Every structure is written in structure tokens, then in C-alpha cells.
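In: What follows is a predicted structure for the sequence shown.
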Amino acid sequence: MPDFTLTTDADGVATLTWDVAGKSMNVMSAEGFALLDALIGQALCDPAVKGIILTSGKKDFSGGMDLNIIARMKDGGARGIFDAVMRIHGILRRIERAGMDPRTLKGGKPIVAALPGSALGIGLELPLACHRIIAADNPKARIGLPEITVGIFPGAGGTTRLVRRLGALAAAPFLLEGRLSDPRAALAAGLIDEVVAPKALLSRARDWVLAATDADLVKPWDTGGYRMPGGTPYHPAGVMTFVGASAMVLGKTMGVYPAAKALLSAVYEGALVPFDTALRIEARWFTNVLLNPSSGAMIRSLFINRQALEKGALRPAQPDQAVRRLGVIGAGMMGAGIAHVAAAAGITVVLIDTTQEAAERGRAHSQNLPDTGIRRGTVTPDHKADVPGRITATTDHAALSGCDLVIEAVFEDPGVKAEVTARVGAAVSPDCILATNTSTLPIGGLAQASQLPEQFIGIHFFSPVDRMMLVEIIRGKATGERAVARALDFVRQIGKTPILVNDARFFYANRCIIPYINEGIRMVTGGVRPALIENAAKLAGMPLGPLQLVDETSIDLGVKIARATRAAMGDACADGAVDQVLLDMADEGRLGRKAQAGFYAYDAAGRRRGLWPELATRYPVTDPQPDLTEVQHRLLFAQVLEAVRALQDGVLTDIRQGDVGAILGWGFAPWSGGPFSWLDIIGAARAVEICDALAARHGPRFAAPDLLRDLAATGDSFYRRFAPAVDAA
Ligand code: NAD
């Protein structure tokens, strides 16, 4: 089956239907483009054809470009990429001009895009080249240009067309943030032209084609008097937009995302020249971005590998393990969040706490959340009313009967958890899987309280549960394959991304986050200016500095972890100075954001108001201060060396999961593609040099792990050695 098929009816309306065989969603490939071009050419030349409807044979229009192809385009170097992009511009421009006389702008054939559902990336760039965009009124559909979220920008004319259609200011959220809209919002924003009842989609498109006049086909930018909405960069109104946009983008991205800067340049420079020249400029900047190692690493981690994990790459061959009835024990912050996301996915939930009041409180949490879900598109409005209705709040363990999966999220105390495990085991049927949401305790130890350790597993959510996309699944030594499959099926049901790691204290994510926070605090005690620490982290692409992060997660949690680590590891834990800072802060009630006092000062409304001035008195800053790069290296290597050790120790069995997990789990510099991608970008040899220098100045925690030294000695990289199949990105 070809990707596109063309049929023409008795009235001369041709329908070009996109329906890629064997895929649930249309994605554009090189072959798809070639066929589209040929069929458009055929229809434009055919005198029997009056106009064309471009639509989809699937419930959605398109999920975008096949990013594997983008990754492969790089094989041709700069010239190869540029030429390939210009060929795409040529195809879309032919659609836009539709055979019209270039001088009189008359005689073209109308081409309308009829979108039954989602239209993303090239799935919107293509319609933007058509003469009208009509979408079915489908609230589940997502329309937009999400390229920036995987480290590139719309490079098939989407950038140039959207800016000329809406103006730079109005186009900014769609281009710079990759904002997606449902059809009605897309219409209100001017992204599309019309929304109609789903049943009327094709008939309305047909009517439009038959009624279209020459003038309906001409894009404003192809007419003589075109003025860009909001003004070009040298227009008095445009100046404000462009100057503001540069500052805003730099403020948000800290200059570490090459795609954001390149996009802005393409928009600015493109606005000063005629349309076709603007397309060439867009193609040049797109080429520039594709050649930056950051974009390849981002595509690899945030798109290719993330999607593979979501589609079940880790799943053992087991019959369907979908969860219909979920038990959650502990209706606190995490338990309530887990109950909510499960109920939002249509799963029946039993939420248990020690008192009815606490259980009800957890259920009530769900009532306040759906609006966020609706805004983000994870909960449809018709689901909203049902979400709390699917949660039964109770203290009665008998209600767990019939559960396929029970997740405990009670206090982080091995004794309490053991008691809960035994009690749940007695209340459920023998095939139920029991999971713990512990953030630090080894699964093997907790499994001892279970009669069926092969049915015991770790399912570690991140806070806030409804917003954090990663779920870390921890396989204990005794955990069986069915438990793994059920955990993975559950994560898939709730629409999150799983990684699967082996058991060890702190698993993977927390193992890497804690050294980051500790390094930040250690620098404070060593006289590094706190503002330098925080800014260095952000300038390296971390979403939060280490001091802000510990304020957010709470300082008493830090104290608890420090105490538990000390109890378990004794002298092996070398964070005494750091622990003392946490203890001192906790003793004074500076517990972080929740206490409106921590490393930062807060106002009465809970807003951060700069670093706590007293810090400078407690920990006098030294003179001179270390340079920015040194501080950044300490903060980044504290994390990435732990990731390498997790791989060496076998906690992590796959670097791809390590990279995806780091970005989604704790926001590790997304521009880099994750810790392993980052080490590959700087190169193992350079990384070892930096480690040696840091270890000499700051201690053995920075010593290069053997694996890194070996890669350096052999001139190898993580992705070449451990994941050759996806190195193309
Ligand atoms: P929390 O204190 O907000 O909630 C714990 C809840 O468990 C309370 O409502 C408590 O009444 C209930 N509970 C205690 N003993 C119980 C019992 N025997 N039976 C039924 N309910 C009982 O704690 P939290 O922050 O939601 O954390 C829960 C678990 O999740 C912990 O293991 C924690 O380490 C883990 N975790 C927390 C985070 C986080 O950021 N807070 C992140 C990941 C994992």
C-alpha cells in the first residue's frame, strides 16, 4: 500500500488520502514526500481535476516527520541536509502555488487540508502550505509544531509560514514552546481556518474547493502589498517584538538550546526578505541545528528512545497485564497523585489510609487536579467528572479484593512498609502484584515481608505525580517477569515513560540527584557564592539550581535521607559537612518552600524572593571565586559520574534508559540528551581530563570510573559501545 492515494470524483474534486500502511499514525518519510509530490503534480496537470482535498485515512492527520530520517539526513553533511530541506520546500511551495500563473496569480487549483484529528510537525507544515485548513471538531486532536521540544525547529516552511500568517509575537508560543492546541483553540489562534463537525469534514472541504476563487488561493505573502502582522524587525512595532523575543528566549533557555537561537535567527532574518529567500534562510538555520550534536542527542533521547520505551521496548513476553482495579495504600502526597493519574486513565482505584478522613483527603486531591490535566491534554473534559468517581476512599483492606496491582505509598519506614505488605498480601488474590513507591529503600529488603517475592516490585513515581512523566520500575532479585510486565503495562495505561533498573539503594534517579544537591551545598560550605552555584547550574541547562531543588523537595527529606544513608552505610558516606548544613537548616525550621524558608527567602504568598541573605554570614564567601566552568563541571560531573557508576554496577543496564530517565526524572540538561550523551559530546578523553583535575582539587568523588577511562583509552563512546543501533542520531 502506498502512503498516499489519489481518487477523483465526477465533479472533478480529487481526494489525496494519506494512510501509511502498518502504522497507527501517519509519519512522513522520504518516499512519502516523493509520492506526494508526484500525485500533486499529476492532479495539477489533469484537466479533469478542479481542486484537491488533502486528508487522512486514519483518525489523525499526521504525527509528523519520521525523525529517524532526519537523523539519517546528517549522513550527507551540511550540503546534503540543505539540499534535502530545499527539496521539501520545493514540494510545499508547488502545493502553495498550485499551478497558478506567477505573474497574474490566477489559474491555480484550490488545495484544502481536511484534518480529522491530530496534525503535528510536518502534519501542520503541509496544511500551512495549502489554501485552507479545515479541522474536525475533535477535542482529543492536538495541532501544533512540537519540533522545539526535541531540539530542532519547524524546518519545512512551518517557521516562515506561521510567522507570516500570525506575526512573530503571536507565533512565538507555537514555535518557541511547541504549544499544542485542540482544533477550537487552534482556530482561535489563527493556526487553522475552520472547525466543522467531524461528519461534515469532507463535504465541507469539497464545498470549499468547488466554490474557491482565484483570490482564495493567493497567500498574503505572495501579493505585492503584504505587511507582516505585528511588523518586521525595523518597523516601530516590530522592534518591540523582536528585541523582547531575544531577551525572552535567552532568559528561558539560558542560551543552551541551539534550536531556539537558530529559530529566532531564521524568524528575524526571514522577516527582512521576500518569502522564497526566507525559506532558504530557514533551510540554512535548520541545517545548522541538525549539525549541532545537541539536536541529534535530543532527538535520540527525547523522541526515538523515549518512544521506544513507551511502546514497550522493555516488556518481557507475557500475556496482557493491563490493570483494571488498582489498590493504593497511603493517601498522602504520592498516593493521592498515583490514584489520580490511574483514575484519569479509566482505572478503578481503591485508596486506603489509616483513617477515613485521610483517605478522603487523598481522593479530594483528585478533584482539584483535572483542570491541569485538561490543559495539558492528558485528561479529556468528558473524563473530568468521572475521575474522583472512580476512586473509592476507605480504611478497609477487604476492598482490595479483585485488585490486579496494589501500590503502597506509606511513610518511608521499613517497619511500616513491612506491616503494610503483609496485610495487603492477606487481602488480595494470589495473582495480584504488589509494588512499593519507596524512593530510597532497596526492594529486596522490602520484599522479605511478602509471601510472594516474585510478585513484588518497585514502581517509583516522581513528585508531583500528575506532572512528572518518568516512572522508574525497580526489579528486585526475586521479582518475576509477570510483575515487570504488569508494572510496564500499568505505566503505559497512565501514559508515562518507564525505565527499568536493578535494585540498589536510591535506584538510578535519586542516586544521581543526591550528589548534585550535595555538591551544591558543599560549595556553599566551601565559600562559593550561592548565586554563582545556582546560576552556573541553570547556565548549564539544569532547570533548577541545587539549592532551589532541595528547597522544593524539602530540607527535612534531605535530613531523613542523610540519616538513613548514614545508618546503612556508616563511614562510607562522606557527606558529613553537607549533612550538617541540612541539620542546621532543619533545626531552625528552614525546611524549604513548604516552610517558606530555606536556602531561599520567600514572601507571605510563598514566592521565592532571592537567596536567603543570612547564608553569606553563615558561610562567608571566599575571594577569589572559582570560575563559572569549574562550578558547572562540579555540578554536572557529580551527576554523570554517578550515572556511569550505576551502569558499571549493573543498576542501569541500558544507557538509553539512563539518558531518557535523567531528562524526564530530574531534568538533567535536556539540551545534552542526557548524562551519557553529554559525555559523548565532550568525549571520554576530555571527560577523564576534567575528572582528574576535579579529583585533584576536590577529592576522590570525582575520580573517573574505570569504564570512562577505558572508553577514553580506546577512543570509544558510550553510544558506540552500548547502543550502536541508534548511534545514527
Ligand atoms: P506522605 O507522608 O505525604 O503520605 C504517606 C501516607 O501514608 C499518609 O497519608 C499516611 O497516613 C499513610 N499511612 C502511613 N501508614 C499507613 C498504613 N499503615 N496504612 C495506610 N496508610 C498509611 O508521604 P509521601 O510523600 O506521599 O511518600 C509516600 C512514599 O512515597 C514514601 O515511601 C516516599 O519515600 C515515596 N516517594 C515520595 C516522593 C516525594 O517526593 N514525596 C517521591 C517518590 C517517592
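Out: Thanks, I have it. Numbering: from 1, shown residues only.

In: what's the neighbour count on residue 43?
Out: As a burial measure, residue 43 scores 22 neighbours (other CB atoms under 10 Å). Placement of C-beta: from N, CA and C, glycine included.

In: Buried residues of the helix or strand containing it, list them for me.
Out: Residue 43 is part of helix 30-45, with elements assigned from DSSP states H and E. Under the neighbour-count criterion of 16 or more other CB atoms under 10 Å, helix 30-45 has 32, 33, 35, 36, 37, 39, 40, 43, 44 buried.

In: check contacts around the closest residue to residue 496 other than its chain neighbours.
Out: Leaving out its chain neighbours, the residue that sits closest to residue 496 by CB to CB, 6 or more residues apart in numbering is residue 471, at 4.9 Å. Residue 471 sits next to 459, 460, 461, 462, 491, 496, 497, 498, 499 when contact means CB atoms under 8 Å, 6 or more residues apart in numbering.

In: Which one (most neighbours) among these?
Out: Within the contacts of residue 471, most neighbours by other CB under 10 Å means residue 499, with 28 neighbours.

In: just to revisit the earlier point, give the helix, strand or coil label for the residue nearest to residue 496.
Out: Classification of residue 471 by DSSP: H, G, I helix; E, B strand; the rest coil places it in strand.

In: next one: phi and psi at the nearest residue to residue 123 once chain neighbours are set aside?
Out: The shortest distance from residue 123 to any non-neighbouring residue, by CB to CB, 6+ apart, is to residue 62 (2.9 Å). Note on residue 62: its backbone torsions stand at phi -170, psi 150 [degrees, to the nearest 10].

In: Which single residue in the stretch 451-600 of the chain comes nearest to the ligand?
Out: Here the residue of the stretch 451-600 of the chain nearest the ligand is residue 463; by CB to the nearest ligand atom that distance is 3.3 Å.

In: Does that residue lie in a helix or a strand, and which?
Out: Counting by DSSP H and E, residue 463 is part of no helix or strand.

In: ditto for residue 695
Out: Per DSSP H and E, residue 695 falls inside helix 684-698.

In: Contacts for that helix next, please.
Out: With CB under 8 Å, 6+ apart as the criterion, helix 684-698 contacts 633-634, 637, 641, 679, 682, 701-704, 708-709, 711-712, 715-718.

In: If we use 6 Å, what do you get?
Out: 633, 679, 702, 703, 704, 708, 709, 711, 712 (CB atoms under 6 Å, 6 or more residues apart in numbering).

In: and these as JSON lines, adding secondary structure, distance to the ligand and pLDDT?
Out: Listed next are those as JSON lines, based on DSSP: H, G, I helix; E, B strand; the rest coil; distance: CB to the nearest ligand atom, whole Å; pLDDT from 0 to 100:
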{"residue": "633", "secondary structure": "helix", "distance to the ligand": "28", "pLDDT": "98"}
{"residue": "679", "secondary structure": "helix", "distance to the ligand": "27", "pLDDT": "98"}
{"residue": "702", "secondary structure": "helix", "distance to the ligand": "28", "pLDDT": "98"}
{"residue": "703", "secondary structure": "coil", "distance to the ligand": "30", "pLDDT": "98"}
{"residue": "704", "secondary structure": "coil", "distance to the ligand": "31", "pLDDT": "98"}
{"residue": "708", "secondary structure": "helix", "distance to the ligand": "29", "pLDDT": "98"}
{"residue": "709", "secondary structure": "helix", "distance to the ligand": "34", "pLDDT": "98"}
{"residue": "711", "secondary structure": "helix", "distance to the ligand": "32", "pLDDT": "98"}
{"residue": "712", "secondary structure": "helix", "distance to the ligand": "35", "pLDDT": "98"}
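
In: What residues does the stretch 201-350 of the chain have near the ligand?
Out: Contact residues, the stretch 201-350 of the chain versus the ligand (CB under 6 Å from any ligand atom): 329, 330, 331, 332, 333, 334, 335.
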